[in-house]
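**Q** sharing a model that was predicted from the sequence below.
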Amino acid sequence: MEKKRIRIDADLNQGQLNIQFSDNLNDEKERGYILSAAFFSYAVNQGVTKDQVIEMVNNYYEGLDK
């Protein structure tokens, strides 16, 4: 299986996340699945509860819709 890569760089001064995908990772659904799985895995590892994730979505999701 060929490796697929995602690189995320944060520019905190500009409030930006820059995301680069390997050439073989061009399916938007697959990109979303991988990023979502990584977020949930990280959140659980950090002790974030399901209720806290729901609260984040309820409070901030609409603000991210551009």
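**A** That came in fine, so what should we check first? Bear in mind that the values here come from a model prediction, so they are computed numbers and not experimental data. Numbering: from 1, shown residues only.
**Q** what are the phi and psi values for residue 8?
**A** For residue 8, the backbone dihedrals (degrees, to the nearest 10) come out as phi -120, psi 120.
**Q** can you name every helix or strand that the top helix by length along the chain contacts?
**A** Determined from DSSP state H, the single longest helix within the chain is helix 28-45. With contacts defined as 3 or more CB pairs under 8 Å, 6 or more residues apart in numbering; DSSP states H and E, the packing partners of helix 28-45 are strand 6-11. C-betas here are computed from N, CA, C, even on glycine.
**Q** quick check: angle from the strand it packs on to helix 28-45?
**A** Following axes from the mean of the first three to the mean of the last three CA atoms, to 10 degrees, one obtains 60 degrees for the angle between strand 6-11 and helix 28-45.
**Q** can you pull up the most central residue in this structure?
**A** Closest residue to the average C-alpha location of the chain: residue 35 at 4.1 Å, with CA atoms, centre = their mean.
**Q** how much space separates that one from residue 48?
**A** 16 Å (CB to CB, to the nearest Å).
**Q** quick one: the helix or strand of the chain with the lowest mean pLDDT to helix 28-45, angle?
**A** Counting by mean pLDDT, DSSP states H and E, the chain has its least confident helix or strand at helix 50-64, which shows a mean of 84. Here the directions of helix 50-64 and helix 28-45 differ by 140 degrees (the same axes, to 10 degrees).
**Q** so where's the protein shaky on pLDDT?
**A** 63-66 (pLDDT under 70).
**Q** hmm, what's the outermost residue in it?
**A** residue 1 (23.0 Å).
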